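Engineer: quick one, fold the following:
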Amino acid sequence: SIMKIWKTVYVPLVLCLSFTTVDSLYCMRCNGNQPGCSEEFNWLFNWGWPCPSWDDKCVKIIERKGADVMITRDCLSSLAKVRKDVPPDTYEGCRPAVADDQLAHYVENHIEEYDIRRNHYDNVTWCFCHLDERCNGVAGLVTSYRVLLLCTIATILFAKF
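Structural biologist: Residues are numbered from 1 along each chain as shown. As a prediction, this is how the structure comes out:
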């Protein structure tokens, strides 16, 4: 009877759980104005979010002007829509931002606070990572809920026969 339980419940469950997948890359999404998102990252305030693209990368942008530091963490596909200073090489590691000479070229604006030319910060560094979940903050493991649901249903159906 224990052997029957082993064959009908545990073996399918172990087989199903060994084929888990990840839906998408999970990255930290926050900026330096939020608590726990400065240079010392606090994962209690900031949890990981799934990236919209399947081939995404996690990004940490470090912007410095003197002693003032602004850190932004997000997915590359989300930032590439609004930022035009993405370095061409987005493989693992940190690189300086690319200057965009055409940014705000035909705009006449005298309000400095808008920063339409994105030249407020003296030093902008982009750090990329994609080999780990939440690699722009802390590490973690995420399992697909669909796979777990299918494994549970398969185990229940297999146990009945």
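
Engineer: which SS class is the residue positioned nearest the centre of the chain?
Structural biologist: Closest to where the C-alpha atoms of the chain average out (CA atoms, centre = their mean) is residue 27, at 1.8 Å. Under the three-state scheme (DSSP: H, G, I helix; E, B strand; the rest coil), residue 27 adopts strand.

Engineer: bridged to it, which residues?
Structural biologist: residue 49 (DSSP bridges).

Engineer: so for it, what's the pLDDT?
Structural biologist: Looking at residue 27, its pLDDT reads 90.

Engineer: cool, and residue 1?
Structural biologist: For residue 1, the pLDDT comes out at 61.

Engineer: what's the mean pLDDT across stretch 104-112?
Structural biologist: 75.

Engineer: I'd say the residue nearest to the centre of the chain and residue 53 touch.
Structural biologist: No - using CB atoms under 8 Å, residue 27 is not in contact with residue 53, being 11.0 Å away. C-beta here means a position set from N, CA and C on the backbone, and glycine is covered the same way.
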